[in-house]
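A.B. asks: Let's see this in three dimensions:
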Amino acid sequence: MAAELDVVVFGAGGVTGRNVAAYLADRAGEGELGWAAAGRDPGKVEGVLAELGVRAPEILTADVSDPAGLEAMASRARVVLDLVGPYTRYGRPVIDACLAGGAHYADLTGELPFVRGIIDAHHEAASRAGLKLVQVCGFEALPADLLVAELAELAASDSGDVLRSVDLEVEMTPPPGRPHASDMVSGGTFQSMATLTGEQNAPLALDPAVLIPDEAAAASVRVRSPIGLAPRRGGDGAVIAPMAPAPFINPGVIHRSALLRAQARSETFEPFRYREGIAISGRPLTLPARWLAGAAIGPTGSRLERWHWRMTATGLTRAGRQLHAVLDADGHPGYLATARLLGEAGILLSEDGATPAVGGCLTPAAALGTQCLERFARAGLRFSSGLGAAAAV
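C.D. replies: Just a heads-up that it's a prediction; the model follows:
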(Lines give C-alpha, C1' and ligand atoms only; values in the text may rest on other atoms or scores of the structure.)
Protein backbone atom coordinates (compact mmCIF):
# COMPACT_ATOMS: atom_id res chain seq x y z
CA MET A 1 0.00 0.00 0.00
CA ALA A 2 1.42 3.39 -1.05
CA ALA A 3 -0.47 5.59 1.43
CA GLU A 4 1.50 8.51 2.86
CA LEU A 5 0.25 8.02 6.42
CA ASP A 6 0.58 4.83 8.41
CA VAL A 7 -2.26 5.41 10.86
CA VAL A 8 -5.05 8.00 11.14
CA VAL A 9 -7.01 8.36 14.40
CA PHE A 10 -10.52 9.42 13.46
CA GLY A 11 -12.29 10.88 16.50
CA ALA A 12 -9.07 11.97 18.17
CA GLY A 13 -10.94 14.62 20.15
CA GLY A 14 -12.92 12.07 22.15
CA VAL A 15 -12.05 10.64 25.55
CA THR A 16 -10.51 7.43 24.22
CA GLY A 17 -9.43 8.90 20.88
CA ARG A 18 -7.13 11.39 22.55
CA ASN A 19 -5.42 8.56 24.44
CA VAL A 20 -4.95 6.63 21.18
CA ALA A 21 -3.37 9.74 19.66
CA ALA A 22 -1.11 10.14 22.70
CA TYR A 23 0.03 6.54 22.36
CA LEU A 24 0.82 6.96 18.67
CA ALA A 25 2.72 10.17 19.38
CA ASP A 26 4.79 8.32 21.96
CA ARG A 27 5.45 5.40 19.62
CA ALA A 28 6.32 7.76 16.76
CA GLY A 29 9.13 9.09 18.91
CA GLU A 30 10.71 5.62 18.89
CA GLY A 31 10.90 5.22 15.13
CA GLU A 32 9.40 6.09 11.79
CA LEU A 33 5.65 6.22 12.13
CA GLY A 34 3.58 8.57 10.03
CA TRP A 35 0.32 9.33 11.77
CA ALA A 36 -2.36 11.98 11.88
CA ALA A 37 -5.37 12.91 13.98
CA ALA A 38 -8.76 13.53 12.41
CA GLY A 39 -12.09 14.92 13.47
CA ARG A 40 -15.02 17.11 12.58
CA ASP A 41 -13.48 20.18 14.25
CA PRO A 42 -9.68 20.34 13.80
CA GLY A 43 -9.42 23.21 16.26
CA LYS A 44 -11.11 21.20 18.97
CA VAL A 45 -8.90 18.19 18.25
CA GLU A 46 -5.79 20.34 18.46
CA GLY A 47 -6.91 21.85 21.76
CA VAL A 48 -7.80 18.51 23.32
CA LEU A 49 -4.48 16.97 22.35
CA ALA A 50 -2.60 20.03 23.61
CA GLU A 51 -4.09 19.40 27.07
CA LEU A 52 -2.23 16.06 27.01
CA GLY A 53 0.95 17.64 25.71
CA VAL A 54 0.45 15.98 22.32
CA ARG A 55 1.00 17.67 19.00
CA ALA A 56 -0.25 15.71 16.00
CA PRO A 57 1.94 16.02 12.88
CA GLU A 58 -1.24 16.76 10.95
CA ILE A 59 -4.93 17.16 11.76
CA LEU A 60 -7.38 16.13 9.06
CA THR A 61 -10.95 17.34 8.72
CA ALA A 62 -13.43 14.47 8.42
CA ASP A 63 -17.07 14.00 9.36
CA VAL A 64 -19.37 10.99 9.17
CA SER A 65 -21.88 13.10 7.22
CA ASP A 66 -19.33 13.80 4.45
CA PRO A 67 -18.56 10.61 2.47
CA ALA A 68 -16.14 12.40 0.14
CA GLY A 69 -14.16 13.77 3.08
CA LEU A 70 -14.04 10.36 4.73
CA GLU A 71 -12.77 8.75 1.54
CA ALA A 72 -10.15 11.47 1.14
CA MET A 73 -8.97 10.71 4.68
CA ALA A 74 -8.92 6.95 4.10
CA SER A 75 -7.09 7.24 0.78
CA ARG A 76 -4.14 8.83 2.59
CA ALA A 77 -3.85 6.14 5.24
CA ARG A 78 -2.77 2.55 5.51
CA VAL A 79 -4.98 2.17 8.58
CA VAL A 80 -7.91 4.16 9.94
CA LEU A 81 -8.71 3.75 13.64
CA ASP A 82 -12.35 4.74 14.15
CA LEU A 83 -13.20 6.18 17.57
CA VAL A 84 -16.53 7.74 16.58
CA GLY A 85 -19.44 5.83 18.08
CA PRO A 86 -22.02 4.55 18.59
CA TYR A 87 -20.96 2.55 15.58
CA THR A 88 -24.44 1.36 14.66
CA ARG A 89 -25.17 5.01 13.86
CA TYR A 90 -21.83 6.29 12.66
CA GLY A 91 -19.59 3.36 11.72
CA ARG A 92 -20.78 2.29 8.28
CA PRO A 93 -19.78 5.50 6.40
CA VAL A 94 -16.23 5.17 7.74
CA ILE A 95 -16.02 1.50 6.76
CA ASP A 96 -17.38 2.29 3.30
CA ALA A 97 -14.76 5.02 2.94
CA CYS A 98 -11.95 2.65 3.94
CA LEU A 99 -13.05 0.11 1.34
CA ALA A 100 -13.23 2.82 -1.31
CA GLY A 101 -9.97 4.44 -0.24
CA GLY A 102 -7.99 1.24 0.24
CA ALA A 103 -7.30 1.46 3.99
CA HIS A 104 -7.44 -1.16 6.73
CA TYR A 105 -9.98 -0.33 9.44
CA ALA A 106 -10.27 -1.00 13.18
CA ASP A 107 -12.75 0.15 15.82
CA LEU A 108 -13.87 -0.42 19.40
CA THR A 109 -17.48 -1.39 18.88
CA GLY A 110 -19.22 -3.95 21.05
CA GLU A 111 -22.43 -3.70 19.01
CA LEU A 112 -22.39 -7.22 17.60
CA PRO A 113 -25.55 -6.99 15.47
CA PHE A 114 -23.87 -4.09 13.68
CA VAL A 115 -20.70 -6.15 13.26
CA ARG A 116 -22.77 -8.98 11.75
CA GLY A 117 -24.29 -6.54 9.29
CA ILE A 118 -20.84 -5.44 8.20
CA ILE A 119 -19.77 -9.08 7.76
CA ASP A 120 -22.79 -9.79 5.57
CA ALA A 121 -22.29 -6.64 3.51
CA HIS A 122 -18.52 -6.39 3.16
CA HIS A 123 -16.61 -9.58 4.02
CA GLU A 124 -16.28 -10.83 0.46
CA ALA A 125 -15.34 -7.44 -0.98
CA ALA A 126 -12.78 -6.76 1.74
CA SER A 127 -11.32 -10.24 1.29
CA ARG A 128 -10.91 -9.75 -2.46
CA ALA A 129 -9.28 -6.36 -1.88
CA GLY A 130 -6.92 -7.69 0.81
CA LEU A 131 -8.27 -5.14 3.30
CA LYS A 132 -8.79 -5.92 6.97
CA LEU A 133 -11.93 -4.65 8.67
CA VAL A 134 -11.22 -5.38 12.34
CA GLN A 135 -14.00 -4.67 14.80
CA VAL A 136 -14.38 -5.15 18.57
CA CYS A 137 -10.69 -4.32 18.88
CA GLY A 138 -10.54 -2.88 22.40
CA PHE A 139 -10.70 -4.43 25.88
CA GLU A 140 -13.64 -6.14 24.25
CA ALA A 141 -12.44 -8.39 22.67
CA LEU A 142 -8.77 -8.18 21.68
CA PRO A 143 -7.10 -9.54 24.87
CA ALA A 144 -9.47 -12.49 25.34
CA ASP A 145 -9.47 -13.25 21.62
CA LEU A 146 -5.68 -13.38 21.46
CA LEU A 147 -5.42 -15.47 24.64
CA VAL A 148 -7.83 -18.08 23.30
CA ALA A 149 -6.08 -18.05 19.91
CA GLU A 150 -2.80 -18.72 21.71
CA LEU A 151 -4.40 -21.72 23.43
CA ALA A 152 -5.59 -23.00 20.05
CA GLU A 153 -2.06 -22.65 18.66
CA LEU A 154 -0.64 -24.52 21.63
CA ALA A 155 -3.16 -27.31 21.15
CA ALA A 156 -2.36 -27.60 17.45
CA SER A 157 1.35 -27.75 18.19
CA ASP A 158 0.74 -30.88 20.27
CA SER A 159 0.13 -33.40 17.48
CA GLY A 160 -2.71 -31.41 15.95
CA ASP A 161 -4.85 -31.43 19.09
CA VAL A 162 -7.88 -29.13 19.36
CA LEU A 163 -9.64 -27.25 22.13
CA ARG A 164 -12.71 -28.74 23.78
CA SER A 165 -13.27 -26.04 26.42
CA VAL A 166 -11.87 -22.70 27.56
CA ASP A 167 -12.48 -20.90 30.85
CA LEU A 168 -11.33 -17.28 31.03
CA GLU A 169 -11.24 -15.20 34.21
CA VAL A 170 -10.36 -11.55 34.78
CA GLU A 171 -9.09 -10.09 38.03
CA MET A 172 -9.25 -6.32 38.36
CA THR A 173 -7.07 -4.38 40.81
CA PRO A 174 -8.16 -0.74 40.88
CA PRO A 175 -6.14 2.01 42.55
CA PRO A 176 -6.36 2.15 46.35
CA GLY A 177 -9.30 3.93 47.90
CA ARG A 178 -12.99 4.16 47.29
CA PRO A 179 -14.13 3.05 43.79
CA HIS A 180 -15.07 5.88 41.47
CA ALA A 181 -18.32 5.95 39.53
CA SER A 182 -16.50 5.86 36.19
CA ASP A 183 -14.07 3.08 37.03
CA MET A 184 -15.47 0.35 34.79
CA VAL A 185 -17.49 1.65 31.85
CA SER A 186 -16.61 4.46 29.47
CA GLY A 187 -19.11 6.97 28.17
CA GLY A 188 -18.71 5.48 24.71
CA THR A 189 -19.64 2.05 26.04
CA PHE A 190 -22.76 3.46 27.69
CA GLN A 191 -23.76 5.05 24.39
CA SER A 192 -23.15 1.81 22.52
CA MET A 193 -25.20 -0.25 24.94
CA ALA A 194 -28.03 2.29 24.89
CA THR A 195 -28.02 2.31 21.09
CA LEU A 196 -27.95 -1.47 20.94
CA THR A 197 -30.94 -1.93 23.23
CA GLY A 198 -32.98 0.36 21.01
CA GLU A 199 -32.28 -1.54 17.80
CA GLN A 200 -34.77 -3.97 16.30
CA ASN A 201 -32.11 -6.68 16.02
CA ALA A 202 -30.85 -6.22 19.60
CA PRO A 203 -31.69 -9.86 20.59
CA LEU A 204 -28.97 -11.02 18.19
CA ALA A 205 -26.40 -9.73 20.68
CA LEU A 206 -27.23 -12.61 23.03
CA ASP A 207 -26.46 -15.23 20.37
CA PRO A 208 -22.95 -16.71 20.81
CA ALA A 209 -22.94 -17.42 17.06
CA VAL A 210 -24.10 -13.96 15.97
CA LEU A 211 -20.93 -13.44 13.89
CA ILE A 212 -21.10 -16.81 12.09
CA PRO A 213 -23.11 -16.60 8.84
CA ASP A 214 -23.03 -20.35 8.17
CA GLU A 215 -26.15 -21.64 9.89
CA ALA A 216 -24.89 -25.20 10.45
CA ALA A 217 -21.73 -23.91 12.13
CA ALA A 218 -23.77 -21.39 14.11
CA ALA A 219 -26.14 -24.06 15.36
CA SER A 220 -23.24 -26.18 16.61
CA VAL A 221 -21.87 -23.19 18.56
CA ARG A 222 -25.24 -22.54 20.20
CA VAL A 223 -25.47 -26.15 21.36
CA ARG A 224 -21.89 -26.41 22.53
CA SER A 225 -21.39 -22.98 24.09
CA PRO A 226 -24.47 -21.02 25.17
CA ILE A 227 -23.75 -17.72 26.88
CA GLY A 228 -24.02 -18.09 30.66
CA LEU A 229 -25.28 -15.13 32.68
CA ALA A 230 -25.35 -16.61 36.20
CA PRO A 231 -22.43 -16.25 38.64
CA ARG A 232 -20.45 -19.44 39.24
CA ARG A 233 -17.53 -20.73 41.29
CA GLY A 234 -14.03 -20.83 39.84
CA GLY A 235 -11.48 -23.55 40.43
CA ASP A 236 -10.04 -21.73 43.45
CA GLY A 237 -13.46 -21.09 44.98
CA ALA A 238 -13.71 -17.49 43.84
CA VAL A 239 -17.06 -16.23 42.61
CA ILE A 240 -16.99 -15.64 38.85
CA ALA A 241 -19.44 -12.88 38.01
CA PRO A 242 -20.62 -12.12 34.47
CA MET A 243 -18.10 -10.19 32.40
CA ALA A 244 -18.27 -6.39 32.47
CA PRO A 245 -19.27 -4.25 30.69
CA ALA A 246 -21.30 -6.99 28.97
CA PRO A 247 -21.14 -10.81 29.02
CA PHE A 248 -22.19 -11.23 25.40
CA ILE A 249 -19.41 -9.40 23.50
CA ASN A 250 -16.34 -11.64 23.74
CA PRO A 251 -18.04 -15.00 23.04
CA GLY A 252 -19.31 -14.04 19.60
CA VAL A 253 -15.88 -12.74 18.58
CA ILE A 254 -14.01 -15.77 19.94
CA HIS A 255 -16.28 -18.25 18.17
CA ARG A 256 -15.87 -16.37 14.87
CA SER A 257 -12.09 -16.49 15.37
CA ALA A 258 -12.30 -20.25 15.76
CA LEU A 259 -14.30 -20.55 12.55
CA LEU A 260 -11.91 -18.31 10.61
CA ARG A 261 -8.95 -20.29 11.96
CA ALA A 262 -10.48 -23.57 10.77
CA GLN A 263 -11.29 -22.10 7.36
CA ALA A 264 -7.75 -20.74 6.93
CA ARG A 265 -6.35 -24.21 7.59
CA SER A 266 -8.98 -26.06 5.54
CA GLU A 267 -10.03 -27.91 8.68
CA THR A 268 -13.42 -28.96 9.98
CA PHE A 269 -14.82 -26.40 12.39
CA GLU A 270 -15.20 -27.93 15.85
CA PRO A 271 -16.67 -25.45 18.35
CA PHE A 272 -15.48 -25.51 21.94
CA ARG A 273 -17.28 -24.50 25.11
CA TYR A 274 -16.27 -21.01 26.17
CA ARG A 275 -16.99 -19.42 29.55
CA GLU A 276 -15.73 -16.14 31.00
CA GLY A 277 -16.24 -13.80 33.92
CA ILE A 278 -14.75 -11.50 36.53
CA ALA A 279 -13.22 -13.14 39.59
CA ILE A 280 -14.36 -11.29 42.72
CA SER A 281 -12.80 -13.37 45.50
CA GLY A 282 -12.72 -11.38 48.72
CA ARG A 283 -14.94 -8.61 47.33
CA PRO A 284 -18.70 -8.12 47.58
CA LEU A 285 -20.57 -9.82 44.77
CA THR A 286 -22.29 -6.52 43.95
CA LEU A 287 -19.06 -4.62 43.23
CA PRO A 288 -19.08 -4.99 39.42
CA ALA A 289 -22.73 -3.90 39.39
CA ARG A 290 -21.88 -0.80 41.39
CA TRP A 291 -19.09 0.04 38.97
CA LEU A 292 -21.46 -0.41 36.04
CA ALA A 293 -23.98 1.94 37.59
CA GLY A 294 -21.53 4.84 37.73
CA ALA A 295 -21.56 8.02 35.71
CA ALA A 296 -20.02 7.81 32.27
CA ILE A 297 -17.09 10.16 32.81
CA GLY A 298 -13.49 9.22 32.48
CA PRO A 299 -10.92 8.88 35.27
CA THR A 300 -7.94 11.19 35.06
CA GLY A 301 -4.30 11.42 36.08
CA SER A 302 -2.73 8.65 38.07
CA ARG A 303 -6.05 6.83 38.37
CA LEU A 304 -5.74 5.89 34.71
CA GLU A 305 -2.22 4.53 35.15
CA ARG A 306 -2.56 2.74 38.50
CA TRP A 307 -4.98 0.05 37.41
CA HIS A 308 -3.73 -3.51 37.05
CA TRP A 309 -5.64 -6.44 35.63
CA ARG A 310 -4.91 -10.06 34.93
CA MET A 311 -6.67 -12.31 32.44
CA THR A 312 -6.20 -16.08 32.71
CA ALA A 313 -7.40 -18.58 30.11
CA THR A 314 -7.39 -22.32 30.85
CA GLY A 315 -8.06 -24.73 28.04
CA LEU A 316 -8.76 -28.43 27.91
CA THR A 317 -8.00 -30.26 24.66
CA ARG A 318 -9.58 -33.26 23.01
CA ALA A 319 -6.60 -35.35 24.16
CA GLY A 320 -7.09 -34.22 27.77
CA ARG A 321 -4.22 -31.72 27.92
CA GLN A 322 -4.51 -28.60 30.04
CA LEU A 323 -3.28 -25.37 28.51
CA HIS A 324 -2.70 -22.02 30.15
CA ALA A 325 -2.39 -18.50 28.77
CA VAL A 326 -2.05 -15.42 30.95
CA LEU A 327 -2.14 -11.71 30.34
CA ASP A 328 -0.89 -9.20 32.91
CA ALA A 329 -1.81 -5.65 32.02
CA ASP A 330 -1.46 -2.12 33.33
CA GLY A 331 -3.75 0.86 32.89
CA HIS A 332 -7.47 1.42 33.20
CA PRO A 333 -8.98 -1.28 30.95
CA GLY A 334 -11.75 0.83 29.42
CA TYR A 335 -9.90 4.07 28.81
CA LEU A 336 -6.12 3.69 28.84
CA ALA A 337 -5.33 0.03 28.08
CA THR A 338 -7.97 -0.03 25.34
CA ALA A 339 -6.46 3.06 23.72
CA ARG A 340 -2.95 1.66 23.83
CA LEU A 341 -3.82 -1.76 22.48
CA LEU A 342 -5.89 -0.26 19.65
CA GLY A 343 -2.99 2.03 18.84
CA GLU A 344 -0.53 -0.87 18.74
CA ALA A 345 -2.96 -2.90 16.64
CA GLY A 346 -3.08 -0.02 14.19
CA ILE A 347 0.69 0.12 13.98
CA LEU A 348 0.85 -3.64 13.37
CA LEU A 349 -1.76 -3.44 10.62
CA SER A 350 0.24 -0.68 8.95
CA GLU A 351 3.45 -2.71 8.75
CA ASP A 352 4.04 -4.95 5.76
CA GLY A 353 4.35 -8.59 6.81
CA ALA A 354 3.64 -7.96 10.51
CA THR A 355 0.23 -9.66 10.41
CA PRO A 356 -1.27 -12.58 8.45
CA ALA A 357 -1.81 -11.91 4.75
CA VAL A 358 -5.59 -12.18 4.77
CA GLY A 359 -8.42 -9.74 4.20
CA GLY A 360 -12.08 -9.56 5.13
CA CYS A 361 -14.22 -8.76 8.14
CA LEU A 362 -11.88 -10.17 10.75
CA THR A 363 -11.65 -10.60 14.48
CA PRO A 364 -8.58 -9.20 16.28
CA ALA A 365 -7.00 -12.67 16.51
CA ALA A 366 -7.61 -13.46 12.83
CA ALA A 367 -6.31 -10.07 11.72
CA LEU A 368 -3.23 -9.84 13.94
CA GLY A 369 -2.22 -13.45 14.61
CA THR A 370 -0.50 -14.74 17.72
CA GLN A 371 2.99 -13.97 16.45
CA CYS A 372 2.40 -10.36 17.48
CA LEU A 373 1.85 -10.99 21.20
CA GLU A 374 5.22 -9.65 22.32
CA ARG A 375 4.52 -6.35 20.58
CA PHE A 376 1.76 -5.55 23.05
CA ALA A 377 4.25 -5.36 25.91
CA ARG A 378 4.93 -1.81 24.72
CA ALA A 379 1.25 -1.10 25.37
CA GLY A 380 1.44 -2.56 28.89
CA LEU A 381 0.04 -6.01 28.04
CA ARG A 382 2.32 -8.96 28.80
CA PHE A 383 1.31 -12.39 27.46
CA SER A 384 2.61 -15.77 28.59
CA SER A 385 1.44 -19.33 27.94
CA GLY A 386 2.27 -22.97 28.49
CA LEU A 387 1.25 -26.54 27.76
CA GLY A 388 0.47 -28.57 30.87
CA ALA A 389 0.31 -32.27 31.57
CA ALA A 390 -2.58 -34.48 30.54
CA ALA A 391 -5.60 -34.07 32.79
CA ALA A 392 -8.24 -36.57 33.79
CA VAL A 393 -11.32 -36.32 31.56
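A.B. asks: need the contact list for Asp107.
C.D. replies: 81-83, 85, 87, 91, 94, 134-137 (Cβ atoms under 8 Å, 6 or more residues apart in numbering). The way it works is simple: take the backbone N, C-alpha and C, and place the C-beta from them, glycine included.
A.B. asks: how about those in JSON lines, adding distance to Leu163, pLDDT and secondary structure?
C.D. replies: Listed next are the contacts of Asp107 as JSON lines, based on distance: Cβ to Cβ, whole Å; pLDDT from 0 to 100; DSSP: H, G, I helix; E, B strand; the rest coil:
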{"residue": "Leu81", "distance to Leu163": "31", "pLDDT": "98", "secondary structure": "strand"}
{"residue": "Asp82", "distance to Leu163": "31", "pLDDT": "98", "secondary structure": "strand"}
{"residue": "Leu83", "distance to Leu163": "33", "pLDDT": "98", "secondary structure": "coil"}
{"residue": "Gly85", "distance to Leu163": "32", "pLDDT": "94", "secondary structure": "coil"}
{"residue": "Tyr87", "distance to Leu163": "30", "pLDDT": "96", "secondary structure": "helix"}
{"residue": "Gly91", "distance to Leu163": "31", "pLDDT": "98", "secondary structure": "helix"}
{"residue": "Val94", "distance to Leu163": "34", "pLDDT": "98", "secondary structure": "helix"}
{"residue": "Val134", "distance to Leu163": "22", "pLDDT": "98", "secondary structure": "strand"}
{"residue": "Gln135", "distance to Leu163": "23", "pLDDT": "98", "secondary structure": "coil"}
{"residue": "Val136", "distance to Leu163": "20", "pLDDT": "97", "secondary structure": "coil"}
{"residue": "Cys137", "distance to Leu163": "22", "pLDDT": "97", "secondary structure": "coil"}
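A.B. asks: between those residues, which is closest to Ser220?
C.D. replies: Closest approach to Ser220 among the contacts of Asp107 (Cβ to Cβ): Val136, at 21.6 Å.
A.B. asks: Relative to the whole chain's centre, how far out is stretch 73-83?
C.D. replies: Counting by Cα atoms, centre = their mean, to the nearest Å, stretch 73-83 is centred 18 Å from the centre of its parent chain.
A.B. asks: Equivalent analysis for stretch 84-102, please.
C.D. replies: Centre-to-centre, stretch 84-102 and its host chain are 17 Å apart (Cα atoms, centre = their mean).
A.B. asks: residues of that stretch that come out buried?
C.D. replies: For stretch 84-102, the neighbour count (16 or more other Cβ atoms under 10 Å) marks 84-99, 101-102 as buried.
A.B. asks: now the strands for this structure?
C.D. replies: In the chain, the strands defined using DSSP state E lie at 5-10, 35-39, 59-61, 77-82, 104-107, 132-134, 163-173, 232-233, 239-241, 273-279, 308-317, 321-330, 360-362, 381-390.
A.B. asks: How about Asp63, nearest residue that isn't a chain neighbour?
C.D. replies: The spatially closest residue to Asp63, leaving aside those adjacent along the chain, is Arg40, at 4.5 Å (Cβ to Cβ, 6 or more residues apart in numbering).
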